[in-house]
Each structure stands twice: as structure tokens, then as C-alpha cells.
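Undergrad: dropping a prediction and its sequence here:
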Amino acid sequence: MVSALRIDRLGALFTAVGALALAFLPFVVFKQNRILPGDALSLYAALPPPAAYACLAALIVTAITGLFVRQARIRFGVALLGIVILAAAVAAAGNGLTPPGNRVVRVAPGAGCWLLLATLMLMATDALTRLKPRPLTRVLLLALCAAGAGIALAHGIFDHLSVMREYAVNSERFGRELQRHLWLVLGSLGAALCLALPLGMLCHRVPRLRAGTLGVLNLVQTIPGIALFGILMAPLAALAANVPLAARIGIHGIGAAPAVIALFLYSLLPIVANTVTGLARVSPAAVEAARGMGMTPGQVLARVEMPLALPVVLSGVRIVLVQNIGLATIAALIGAGGLGAFVFQGIGQTAIDLVLLGAIPTVAMAFAASVLLDALVETMDRTPQ
Amino acid sequence: MITVENLSKRYGTTRVVDDVSMTVERGRIAVIVGTSGSGKSTLLRMINRLVEPDGGRVLIDGKDTRSEPAHLLRRRIGYAIQGHGLFPHRTVAENIATVPLLLGWPEARIQPRIEALLHAFQLDPANYAHKFPHQLSGGQQQRVGVARALAAEPAVLLMDEPFGALDPIIRTKAQDDLLAIQRRFGTTIVLVTHDMEEAFRLGDRVAVMSHGRMLQYDRPAVLLTRPADPLVARMTGIADRALRLLSLTSVGEIASPGQSDGPEIPATASLRDALSELLWRGAESGRVLRSDGTALGRVTIAAILAHGKPE
């Protein structure tokens, strides 16, 4: 409550960072074209005075809330509102600074804007952590945010911002690469599940296999992503050259095959390790009772052990999913495509907007996957530990 | 009826169970008692083939247990263990339905059975059927564990330290409940415990095991009055063996006709409890009452004391 004027420490940090960002860092960057370095503009220079003051007032209200209001629900709502207002301000700056009909100038959010967005998001996450919402509520919130962002994008609110300019040029390709990215991630995950789940169960049943298997998979995990792609290139190229069938079904030294195989290899350790841990966590009394009541070994596994291990197995899947969504961007280096293609093309052309076109959706997908699977894990977990 | 013939099991060079034979009559309770490592649990687990014996055989109603696959055998035998072993991801009703489902009972037969069992164990189905095990108290979990073991109406029930995790007061109550349930369903029970008090309380016959060998298998009174081995005498307790013996007979069995102005004593009380009550009240005799409250006769301290020594 406002009555007890105790300053929230995290709120103080957010306010300080936000104020510094607003005062000393550019709110937007205005460029004459895609490649040229741009002019840094503050909030007041980027927006007409009434809009700038309104935005400033909204940010001050957010800061006061962050400093003095202790109810998490209000903090969360205000932070969310702050994000919306910030997005609206950036969009307005883009629309206002772009001369009508001009498709060459670029208006991009500046460092100050990004930093403000980050602090507001931290404030929202902090409030959400204090609220401890149920899994379903978290999924609904995620859906709501996604829907909000989707509607804003569909209505072209951000169309004059540089990232969306890049999108407009690449929209057809964007859809393809996004699909490709998802295919790389989900295909490798599916294949990994097919091997890792049985392997984990086997390691649980035969303890002698455990140390060796986990040791080898650990070793695989330590190989850097680019090195692993490189290691796979030579044998796959040789395979494609010598076995015509392999080449015909799309296996080549570069492209999707080495990417999927590398992602598949990286997926094994978290799933195998979590399957072993999950099965080891199952109460021995429950397994003994299941056997004693006449379940066959398969029934014990399917009806008692795996359902009880499932939350831990799923948290392994969550690690893999988030990890692969990120790793798949590197796959673009060996011609596998995916959103990484924009990132590396952008780096090559020193076009930061193109980098963001690949990076922002990647981060958003990883975040969404993490929220969804976290909620799933929590829903599944019936055992109070 | 369970017949155990020359059953043996060894792990490496250790004989965990060494040439053990015993018979449990239909509808009786046999208690296997022994220190940890005596082989009592292994013996029990060989009856439902959770452990396969190295030698000897087990017959249930004359049929060799090896004549069918082990998992099918186990579905016909109830099994309850220490720490109940309930499935934490299934409700009470689903836990109880485990073996009936394995046996392919129709739903129309399973539901009434679950309700009957919950009633028998004083758990209101409306309140408890849909709870998860972690929402129950320790005593309730244990009762659900036994109810689950009895779900498919097994003729034989094996229990491995079923009350081991309960505190003393709940434990006594659980033992009384088990006796009542056993009388009601006529189940043949083999129960393993390390608690001699529990063995004497529950067992029609008690087997004493040590280092894999069965030292003696007989009625509790015989174990006290004619121990076959010094270790049996030590385990059944030399210092309080007279009181133990008194605890095996109920007041109703020795009540004599006549009046008494002493305290009221239920006919089901043991001589030990009756003696304690009379000593406490400073009375020479007590009035024995049936469970419906009518007078059965009287019991005197002298009559009780006469039962405290071997005939």
C-alpha cells in the first residue's frame, strides 16, 4: 500500500536504470538508409511534445508503482501497461519520423528504449513470481500477450519500424525460414525422444550402463555447436558421395542433415539423464507393491514408473526445446536455413535490423516453449516432494 | 491353505532361508517373527514368487505356485507392505481398483467393491474415493493399502510389516481392524513382523525365525510354555512371560457363574488387562459383561493367576 512508504529495493533499481536510460541513451535511432550510421534521438526529439509528455508521465507512474506499491497484482498490471505504452510510443515515433511515402529511411528503437523495455519486463516477471499464478493462468497470460502482439503486428502498428521494414521485404522468406526452424527443432526433438526414453529406461534397469552412457553423452554435450556441425560435415558428405540413396533422401555434408543430427545429439543427454533421475525418484514401495500385486514388468513401467517419472522427464524435454530453439539459429551457418539465416545475413551486411528479424522471434519462441512446458510439468507433478 | 515345503534361498554363500516348512490352515493368521536378517521377508516373498526359491516348493490349496506365470499367481494373492506403497499419482479408488482392473473385472463389479471396502475400513467413499494418497493421514494410507490388497477378494493375504510405519496408538487400532476384517472375509493371512507383541496379538500360530532357520512354529501359548530353543524363550520374553501368557486368554473364556460387586470387565478383555484393572481398583473380582452389556458372570484374581503358569 501507499500508506506505508517503504521503498521497494528492486523498484528503486528499476527506476534508476529506467531514468538513466531515458536521460542518456537514445530512445530511437534515425537512419537515412539501411546501412548508414544513424542519429540518436531522445524521447522528446522523437515524439511531438504532447505525446512525449504523456509517455513520460506514464513511465513516472510506473516508477512510482515500482517504488511504493507492494501489491503484486497492481505492480504486474502497471508494468504490463508500461510495456504497451512504450511500444505505442516507439510505433508513434516510427510513424512520425518517416516522411510519407518514404521507404528508405529507417527508424529503429534505440538502446534507451530497449533498456526501458527490459526493466519493465523484469518488473512484470518479478510481480508475476510474487503472484505465483497457477499453470493454466500462466498459459492464458502467455496466450493473451501473444494475441496482443499478433493483433498489433497484423494492424501494421509497427510497420514503420526498421525490423518490420526488413520483414516487409522478406515476408515470404520469413514464413519459410520460421517453418524450417520449427522443423529442425521438433524433428530433432522427436528423434531424440525415440532413442533417449528407451535408453534412459535401460540405464535405470541396468545400472552398469548408466555411468558409461551418461559419460559419452556428456562428452557430446561439451563439443561446441559449430565444431559438431563441422565434425558431421565430412562423414555425411562422404556418405552422400558414395551412397546414391542417401543423397536422394536429402543427406548432404551441409544442409538439414548435419543440423538435425547435431541437434539430435545435443538433445540426448538432458532427456536420458532426466529419465534416469525421474525413474530413480519413484518410490521403491510403490514399485514393490505394483510387482507384488501382479503387474508385469512392462505394466510396472507404463503404469507406475513412467507416470511418476514424467514431470522430471518433461523438464528434460523443456531444457532440450529451449536449447534447440537457440542452437538451431547456428545451423544456418551450414546451410540448414531457419531464422539463423537472417541473423548471419544481417551480420554479413552489418544490417542490425535483419539480425533482429531473426533474433526476436527466436527469443520469443524459446520463452513461450519454456512457459508452456513449465506449466505442463507443474500440472503433471502430483507427488508432493 | 498354504503349504511351504523345504523352502530354501541363498544369496552367494549365505543361506537366507534354510529348509523351512510350514502349513497355514485356511482362514487362519500365521505370523512370522524374527530379527532383521532372519530371512522372514524373503520367506514371505517366496510365497508369491517375488523371490524365486532355490529349493523346495509352495502349495496353495494343494496347487504348486510354479504351475502358472508369477504375475498371474500374484493377482490371486493380496500383498500389503510397510509404508503402504500406494501409487501417488492415482486416487484412493484407482489404487484399490488396481488388481480388479488387471483381472479384467467389469466396471459394474469394481465400483461396488471399492465402496464396500472403504466402508469396511471406516473411510466414507464420498469423502475419500477421489482423494490422492498424500491427502490422507498415515493411518488412513495404511488402511487403503490393506483395502487395495483385499480388492480382488484374494483367499490369501501376505503382509510385510504392514503396521511398521504407524505410531503405537494407531497401530493397535489397525491391528484390531485387521482382525475384524479377517473374521469377516475369512482370509488366510501370513504376516511378517519383528514385533513379538504384534505377533502374539494377531497370530493363530507364530513362527520364530533366526538366521534363515525356523526355530519353532506353534500356537503362541506353546511358544511361551514349551519353547523349542533358548532363543525362542529369549525372544518371547522371559521376564514377562507369565503376563504374556495371560494376554492370550480372554476373560470370557474363564468367567464363572456368580455375582460380583467389583468393576465391570468386558468379556473380550484379556486376562492381563483384567488383572491390571482389578489391581488398580483394589478389587478381588469383577463383573464380566458381554459386548451387548448383559452379564456373563464373574472373574476373580485367583482364577486369573491360575492361568499365568504353564499347566
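TA: Right, received. Where do you want to start? Residues are numbered from 1 along each chain as shown, chains lettered A, B, ... in the order given.
Undergrad: for chain B, what are the nearby residues on chain A?
TA: For chain A, the contact set with chain B under C-beta under 8 Å from any C-beta of the partner chain comprises A:283, A:285-296, A:299, A:304, A:307-308, A:382-384. For glycine as for every other residue, the C-beta is placed from the backbone atoms N, C-alpha and C.
Undergrad: what's around whichever residue of the stretch 51-200 of chain A sits closest to chain B, how many residues?
TA: Residue nearest to chain B within the stretch 51-200 of chain A: A:Pro135 (16.5 Å; C-beta to the nearest C-beta). Applying other C-beta atoms under 10 Å in any protein chain shown, we find 17 residues neighbouring A:Pro135.
Undergrad: ok, back up a step: from the residues of chain A next to chain B, which land in helices?
TA: A:285-292, A:299, A:307-308 (DSSP state H).
Undergrad: helices along the stretch 1-150 of chain A, start to end?
TA: Taking DSSP state H, counting those that start in this stretch as the test, the helices found in the stretch 1-150 of chain A are A:9-24, A:43-46, A:49-68, A:72-97, A:111-131, A:135-154.
Undergrad: could you dump the ones you listed into TSV with mean pLDDT added?
TA: Compiled in TSV, the helices of the stretch 1-150 of chain A are given as follows (pLDDT from 0 to 100):
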stretch	mean pLDDT
helix A:9-24	90
helix A:43-46	88
helix A:49-68	91
helix A:72-97	92
helix A:111-131	92
helix A:135-154	92
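Undergrad: quick one on the thing from earlier: now the buried members of the residues of chain A next to chain B.
TA: A:283, A:285-296, A:299, A:304, A:307-308, A:382-383 (16 or more other C-beta atoms under 10 Å in any protein chain shown).
Undergrad: what about the residue of the stretch 101-250 of chain B found nearest chain A, how many residues nearby?
TA: Going by C-beta to the nearest C-beta, chain A is nearest to B:His134 of the stretch 101-250 of chain B, at 5.0 Å. By the criterion of other C-beta under 10 Å, B:His134 has 11 neighbours.
Undergrad: for stretch B:118-128, which positions count as buried?
TA: Going by 16+ other C-beta under 10 Å, stretch B:118-128 has these buried residues: B:118, B:120-121, B:123, B:125, B:128.
Undergrad: which residues of the stretch 1-150 of chain B fall in helices?
TA: Using DSSP H, counting those that start in this stretch, the helices of the stretch 1-150 of chain B run over residues B:40-47, B:70-75, B:92-96, B:98-102, B:107-120, B:125-128, B:138-149.
Undergrad: right, and the pair among the ones in helices among the residues of chain A next to chain B with maximum separation?
TA: Using C-beta to C-beta, these reach their maximum pairwise distance at A:Gly292 and A:Pro307, which is 18.3 Å.
Undergrad: and residue 207, what are its phi and psi?
TA: Going with chain A. Main-chain torsions, A:Pro207, degrees, to the nearest 10: phi -60, psi -20.
Undergrad: you answered for a different chain; I wanted chain B.
TA: Backbone torsions of B:Ala207, given as degrees, to the nearest 10, read phi -110, psi 130.
Undergrad: so what's it scoring on pLDDT?
TA: Among the per-residue scores, B:Ala207 holds a pLDDT of 95.
Undergrad: number of residues surrounding it?
TA: 25.
Undergrad: just to revisit the earlier point, shouldn't the residue of the stretch 101-250 of chain B closest to chain A be in contact with B:Pro88?
TA: Yes - using C-beta atoms under 8 Å, B:His134 is in contact with B:Pro88, at 6.2 Å.
Undergrad: quick one: A:Arg6 and A:Arg70, what's the gap?
TA: A:Arg6 sits 8 Å away from A:Arg70, going by C-beta to C-beta, to the nearest Å.
Undergrad: same deal with B:Leu157?
TA: 58 Å.
Undergrad: show me what counts as buried in stretch A:305-315.
TA: A:305-315.
Undergrad: contacts for the helix or strand bottoming out on mean pLDDT in chain A, please.
TA: When the helices and strands of chain A are scored by mean pLDDT, DSSP states H and E, helix A:244-248 comes last with a mean of 79. Outside helix A:244-248, the residues that touch it by C-beta atoms under 8 Å, 6 or more residues apart in numbering or on different chains are A:239-241.
Undergrad: mind doing that once more with 10 Å?
TA: For helix A:244-248, contacts defined as C-beta atoms under 10 Å, 6 or more residues apart in numbering or on different chains pick out A:236-241, A:251-252, A:257.
Undergrad: and it, how far out from the chain's middle?
TA: Remark: helix A:244-248 is offset 35 Å from the chain centroid, using C-alpha atoms, centre = their mean, to the nearest Å.
Undergrad: and the angle from the helix or strand just after it to helix A:284-292?
TA: Sequence order places helix A:256-281 as the next helix or strand after helix A:244-248, per DSSP states H and E. Angle, helix A:256-281 to helix A:284-292, by axes from the mean of the first three to the mean of the last three C-alpha atoms, to 10 degrees: 90 degrees.
Undergrad: pLDDT on helix A:256-281, on average?
TA: For helix A:256-281, the per-residue pLDDT averages 91.
Undergrad: returning to that earlier point: the residue of the stretch 51-200 of chain A closest to chain B touches A:Pro311, doesn't it?
TA: No - A:Pro135 lies out of contact with A:Pro311 (C-beta atoms under 10 Å); the separation is 11.7 Å.
Undergrad: tell me the contacts of residue 82?
TA: All of this refers to chain A. A:18, A:55, A:58-59, A:61-63, A:65-66, A:116-117, A:119-121, A:123-124 are the contacts of A:Gly82 under C-beta under 10 Å, 6+ apart.
Undergrad: sorry, should have said chain B
TA: Contact partners of B:Gln82, counting by C-beta under 10 Å, 6+ apart, are A:285, A:288, B:41, B:142, B:145, B:159-166, B:192-193.
Undergrad: tell me which of A:Arg6 and A:Arg70 has more neighbours.
TA: A:Arg70 (14 against 10).
Undergrad: quick one: that one from A:Arg130, how far?
TA: A:Arg70 is 9 Å from A:Arg130, by C-beta to C-beta.
Undergrad: torsion angles phi and psi at the residue lying closest to B:Asp204 once chain neighbours are set aside?
TA: Nearest residue to B:Asp204, sequence neighbours excluded (C-beta to C-beta, 6 or more residues apart in numbering or on different chains): B:Arg28, at 4.4 Å. Backbone torsions for B:Arg28, taken as degrees, to the nearest 10, come to phi -110, psi 170.
Undergrad: wait, B:Arg28 sits on B:Ile189?
TA: Yes - contact status for B:Arg28 versus B:Ile189: in contact at 7.6 Å, counting by C-beta under 10 Å.
Undergrad: next to chain A, which bits of the stretch 151-300 of chain B? Give me the list.
TA: B:151-152, B:154, B:158, B:160, B:165 (C-beta under 10 Å from any C-beta of the partner chain).
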